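K.L.:
Sequence unavailable; structure follows:
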């Protein structure tokens with residue numbers, strides 16, 4: 001009788017362990033999916049912001065370019081056209097970010113850094129460990145009582 005009960009308990013324990021592993025995996029998959037969704041939404045917001053900024057800055061650039069060109073022709077001072085150069089760089093960057101391939105190029109460069117320049121990504125003093133966190137917490141805590 002004890003053998004049957006023991007066998008049943010072992011089988012029940014095994015089933016519970018399998019369920020716990022499956023549940024942990026499912027929870028991890030959900031967390032990864034949620035993090036990816038949040039990342040995609042943040043990227044979409046960044047692109048949308050860049051496109052909106054492009055509209056306003058493009059309008060400003062157009063008005064400034066026309067006004068500076070008219071002023072340079074009227075006053076016969078070509079130096080008035082100089083501000084158009086840096087403004088055009090800003091406009092081009094914003095256009096490339098919002099409508100061009102800048103994000104794809106940045107992604108490619110990031111992938112290259114991850115593959116070939118790992119040493120530049122290392123944290124000072126290495127990865128954070130539980131022990132280092134506990135040590136910092138103990139140093140900052142006013143209520144910690146060492147037993």
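P.N.:
Great, that's in hand. Computed from a predicted structure; not experimentally measured.
K.L.:
Now find how far off-centre the longest helix along the chain is within its chain.
P.N.:
Longest among the helix segments of the chain by residue count, using DSSP state H, is helix 2-75. How far helix 2-75 lies from its chain's middle: 8 Å, per CA atoms, centre = their mean, to the nearest Å.
K.L.:
what does the helix or strand that comes right after that helix rub up against?
P.N.:
Using DSSP states H and E, the helix or strand that follows helix 2-75 in sequence is helix 84-99. Helix 84-99 has contacts (CB atoms under 8 Å, 6 or more residues apart in numbering) with 47, 50-51, 53-54, 57-58, 61, 64-65, 68-69, 102-103. Glycine gets a C-beta too; all of them are placed from N, C-alpha and C.
K.L.:
Can you say which two of those residues are spatially most distant?
P.N.:
69 and 103 (32.5 Å; CB to CB).
K.L.:
Any idea how far apart the tips of stretch 79-88 sit?
P.N.:
Stretch 79-88 stretches 16 Å from its first residue to its last (CA to CA, to the nearest Å).
K.L.:
Now it: average pLDDT?
P.N.:
What stretch 79-88 shows for mean pLDDT is 95.
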